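Peer 1: A predicted structure for the sequence below; I have some questions about it.
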Amino acid sequence: MTETRRKARLEVRQAQMKDVRGIADLIRRSYSELPPYTHGEIRGQLNNYREGCFVAKLDGKLVGYCASMRLSERLAFSDATWDEITGNGFGSRHNAKGEWLYGYEMCVDPKVRGTRIGRRLYEERRALAERLDLSGIVFGGRMPGLARAMRRKTNNATGPEDYLAKVVDSKIHDPVLRFQLANGFEAKGIISGYLPEDKPSKANAVRMVWRNPYVDSDAPPKHRVPRDVESVRIATCQLQARAVTGFDEFMRHVEYFVDVASDYESDFIVFPELFTLMLLSAEEKELSPLEAIEALSRYTPKIRTRLSEMALNYNINIIGGSHPTRMDDGDIHNVAYVCLRDGSIHSQEKIHPTPNEAYWWNIKGGDSIDAIPTDCGPIGVLICYDSEFPELARRLVDEGARIIFIPFCTDSRQGYMRVRYCAQARAIENQCFTVLSGNVGNLPNVGNMDIQYAQSCILTPCDFPFARDGIAAEASENVETLTISDVNLADLSWARAEGTVQNLADRRFDLYRIEWDKRVGQVSERIGEAAAESAAADSKPHGPRSPGGG
């Protein structure tokens, strides 16, 4: 008799970057009454602690998602709001030596509730806590029957504490809380104002705790961050402005440095801002500013194609400085093309044009900024002036970027030092690496290339694992050269968890936050463990549903 094997219908696994779009769609389907996550926020959750993020797929469709991070006991048991404790939804307060696993997102597709997807995701969390010898799991659980019970005076419920006590004593039935209690979680008090949008819970949450039975609760914390090696080799090209006869000659100069960086087995090479301006030297006459920008923008398809071919052929990730590009709406933007060695092409627009760019070239600023996934982890790009705006670097790091590339174009030492000092500040305050690449030399009759000043460099945070002065490498001033250095990304993880200062962890989310006006970058607010409701419904598939958060 022939044995018939059927492929498993349900898969529960660690979330991957390819799941980001599916996760966003799932959350939108599940919680239509709450602002959806941006893709950047979901990428941040995965980049900041992918081990704590799980997805469930049923018959090939993504139907469940949960996110969690490690926190210190002090923070995990604090009365912080959901926004404060999650870093505005990015999971950026993950602490690599935290002894508690904190759950802040759980979501199950409404169409498959009743198949115990939520329970399986909770089992993954529990297994993770046990495998890492963590003290246990904490989350803020909803109490969706509170508002109704107080309105109807069910069993004389007078407030959240009284409601919780009556649920624990089985005098009031709350399916979410009862489900959590039945699965080994203990209620450890009320967190007031946890999520203002959660009207059924009157903005309250119950601190739910599961203690790992395999860990001695009286033993001192033993988690440390190992001093591992996660080496990345970076090359920054300080490029000489020179007259060229045409596009092919220009690209030969670019390819020379790509070839050398590849010979040194570099993972990245970064070129300066507006490095393509030297193409204007091939024009028969000096062009007006608007004519020059129009002429440059016509090279955009060829620039993208050639840089992408080089990235593939030389097995190196290329940050293509920046290039003026006419967009679909007719505006000119200053755009960095990031061509990766897997053949993919990403772009990052300059958000803040300088007064000079805006006046002479009518360059407009972009309105979105996101970390870019690479084979060496997520990176960010801030084009010159953008490095002088701290909010942008902070968003990139919240999304998981550990290296920020800063192509620049400055004509004086004062201008260069503005970029240099700001880049060093971004490295310190975000505990990341910043990499600068600038133009040198001059080109008569080419606007904005009259004189150039640069000292390209690779900068680090200022702490013991890094170079004494916070400089991994730097070029000589105003000389065409390639500067190469190895950086250890694992040093960043160590510094963020055990460094002399811990800027990312010590942010005062109770006092300030960054909120983006445009939806493309807007930070969403949502409940941390609303999927408890989903899991509760799994056990009673025909029971009534109440609005969820997550």
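Peer 2: Nice, thanks for sending it over. Numbers count the residues shown, from 1 in each chain.
Peer 1: against Thr38, how distant is the residue nearest the centre of the chain?
Peer 2: Residue closest to the average C-alpha location in the chain (CA atoms, centre = their mean): Glu399, at 0.8 Å. As judged by CB to CB, to the nearest Å, Glu399 and Thr38 stand 10 Å apart. Where you see a C-beta, it was placed from the backbone N, CA and C, and this is true even at glycine.
Peer 1: and if you look at Pro160?
Peer 2: 31 Å.
Peer 1: and if you look at Gly189?
Peer 2: 32 Å.
Peer 1: these two - which one has more neighbours?
Peer 2: Thr38 (23 against 14; other CB atoms under 10 Å).
Peer 1: got phi/psi on that one?
Peer 2: phi -80, psi 160 (degrees, to the nearest 10).
Peer 1: any idea how far it lies from Ser344?
Peer 2: 20 Å.
Peer 1: again, but for Met310
Peer 2: 14 Å.
Peer 1: then Lys166?
Peer 2: From Lys166 to Ser344 the distance is 56 Å (CB to CB).
Peer 1: give me the more crowded residue out of those two.
Peer 2: Lys166 (19 against 14).
Peer 1: sec struct for that one, please.
Peer 2: helix (DSSP: H, G, I helix; E, B strand; the rest coil).
Peer 1: next: the one 10 residues further on.
Peer 2: Three-state call for Val176 (three-state DSSP): helix.
Peer 1: correct me, but it touches Pro144?
Peer 2: Yes. Under the criterion of CB atoms under 8 Å, Val176 makes contact with Pro144 at 5.9 Å.
Peer 1: which one of those two is surrounded by more residues?
Peer 2: Val176 (28 against 25).
Peer 1: that one and Asn183: what is the separation?
Peer 2: 11 Å.
Peer 1: before we move on, what about Ala203?
Peer 2: In terms of CB to CB, Ala203 sits 25 Å off from Asn183.
Peer 1: okay, now the unreliable bits of the stretch 151-300 of the chain?
Peer 2: Nowhere does the stretch 151-300 of the chain drop to pLDDT under 70.
Peer 1: give me that answer again for 80
Peer 2: Applying pLDDT under 80 to the stretch 151-300 of the chain flags residues 217-227.
Peer 1: residue boundaries of the strands in it?
Peer 2: Using DSSP state E, counting those that start in this stretch, the strands of the stretch 151-300 of the chain run over 186-191, 205-211, 231-240, 268-270.
Peer 1: now these in JSON lines, with distance to Asp331?
Peer 2: Shown next, in JSON lines, are these (distance: least, CB to CB, whole Å):
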{"stretch": "strand 186-191", "distance to Asp331": "46"}
{"stretch": "strand 205-211", "distance to Asp331": "45"}
{"stretch": "strand 231-240", "distance to Asp331": "27"}
{"stretch": "strand 268-270", "distance to Asp331": "25"}
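Peer 1: could you say which of those is packed most deeply?
Peer 2: strand 268-270 (a mean of 27; mean count of other CB atoms under 10 Å).
Peer 1: who does that one touch, helix- and strand-wise?
Peer 2: strand 231-240, helix 247-263, strand 317-326, strand 403-408, strand 433-440 (3 or more CB pairs under 8 Å, 6 or more residues apart in numbering; DSSP states H and E).
Peer 1: strand partners of it, parallel vs antiparallel please.
Peer 2: Paired strands of strand 268-270, with direction, are strand 231-240 (parallel), strand 317-326 (parallel) (DSSP bridges).
Peer 1: may I see the buried residues of the last one?
Peer 2: Neighbour counts over strand 317-326 (16 or more other CB atoms under 10 Å) mark Asn317, Ile318, Ile319, Gly320, Gly321, Ser322, His323, Pro324, Thr325 as buried.
Peer 1: so what strands line up beside the helix or strand that it is followed by?
Peer 2: Toward the C-terminal end, the helix or strand that comes next after strand 317-326 (DSSP states H and E) is strand 332-339. Here strand 332-339 has these sheet partners by DSSP bridges: strand 317-326 (antiparallel), strand 345-349 (antiparallel), strand 363-364 (parallel).
Peer 1: what's the helix or strand following the last one in contact with?
Peer 2: Which is strand 363-364. For strand 363-364, the following helix or strand on the C-terminal side (DSSP H and E) is strand 379-381. Contacts with strand 379-381, where a contact means CB atoms under 8 Å, 6 or more residues apart in numbering, come from 268, 319, 336, 338, 348, 369, 371-372, 393, 396-397, 399, 401-407.
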